[in-house]
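Student: Whatever this is, show me its structure:
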Amino acid sequence: MTLFHLVRHGEHVWRGRGILAGRSAGVGLTAAGSAQIAAVGERLAGEHIVALYTSPLQRTRESADILANRLNLPVQCRDDLIELDFGEWTGLTFDEVRRDIRWEAWRACRSLAAVPGGESMRRAQQRIVDALAELHVAHRRGTIAVVSHGDLIRAALLFALGMPLDLHARIEIELASISTIEFGDSGCRVRRLNECPGR
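Tutor: Residues are numbered from 1 along each chain as shown. Presented below is the predicted three-dimensional model:
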């Protein structure tokens, strides 16, 4: 088995502005977000982590750099860990997105709907699961930290739990949280969900 600690990035500078950041550039951590991730680093320091992977976006890279300093590991970037592609909705306010007539299909049926000009949740789930499967082969019997985004972590957890994507809203993934999955040739198991160190 490979043990994966799935870490959501810390609070970012667009938090509280009501804007869908998505894959926007220049969205880094706040001071509070850096402190949140520092607490995650302390929590993971005794876990014997052998590798650290991250999404390439600024908020995840900054989070991974904080973890790397505490865990004494290099940061390895993977494009398949990037945030869901929110297409036409990227950079819009949440109120603007909810006024789009296509929003209701996305809200109600993540298993079938796709973001206009963006990505489906099924595609996002496939790439995060494929990434974990590949990392499992590379790090058999190792413990890995993966820094990514709420929707991607939620998609991985739904897969591990055997739950449909349409139940995505039943799982909460806080900023700077840790969710832990065992991943092996005979299946996966969720060991921990939405642990928030220091809070």
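
Student: How about residues contacting the longest strand anywhere in the chain?
Tutor: With secondary structure taken from DSSP state E, the chain has its longest strand at strand 187-195. Residues from elsewhere that reach strand 187-195 (C-beta atoms under 8 Å, 6 or more residues apart in numbering): 3, 43, 157, 159-161, 171-174, 177-182. For the C-beta atoms, the positions are set from N, CA and C on the backbone; glycine is no exception.

Student: Please pick the buried ones from those residues.
Tutor: 3, 43, 157, 159-161, 171, 173, 177-181 (16 or more other C-beta atoms under 10 Å).

Student: so which of the residues you listed comes closest to residue 141?
Tutor: residue 3 (8.8 Å; C-beta to C-beta).

Student: partners of the strand or helix carrying that closest one, with directions?
Tutor: Element membership for residue 3, per DSSP states H and E: strand 2-8. Pairing partners of strand 2-8, with direction, according to DSSP bridges: strand 143-148 (parallel), strand 178-184 (antiparallel).

Student: any idea of the angle that strand forms with strand 187-195?
Tutor: With axes from the mean of the first three to the mean of the last three C-alpha atoms, to 10 degrees as the basis, strand 2-8 and strand 187-195 are set at 30 degrees to each other.

Student: Check the secondary structure at the residue of the chain most remote from its centre for me.
Tutor: Note on the chain: the largest C-alpha distance from the chain mean falls to residue 101, namely 27.0 Å (C-alpha atoms, centre = their mean). Here residue 101 is coil, with the state taken from DSSP: H, G, I helix; E, B strand; the rest coil.

Student: how close does it get to residue 22?
Tutor: 20 Å (C-beta to C-beta, to the nearest Å).

Student: Of the strands paired with strand 2-8, which is nearest residue 82?
Tutor: Using C-beta to C-beta, these put strand 143-148 closest to residue 82, at 8.0 Å.

Student: Would you mind checking the average pLDDT for the helix or strand that comes right after that closest one?
Tutor: Using DSSP H and E, the helix or strand that follows strand 143-148 towards the C-terminus is helix 150-161. Rounded to a whole number, the mean pLDDT of helix 150-161 is 97.

Student: what's the nearest residue to the residue nearest to the spatial centre of the chain if we skip its chain neighbours?
Tutor: Nearest to the geometric centre of the chain sits residue 149, at 2.6 Å (C-alpha atoms, centre = their mean). Computed as C-beta to C-beta, 6 or more residues apart in numbering, the closest residue to residue 149 that is not its neighbour in sequence is residue 83, at 4.3 Å.

Student: and the one you found, what is it in contact with?
Tutor: 21, 22, 23, 55, 57, 148, 149, 151, 152.
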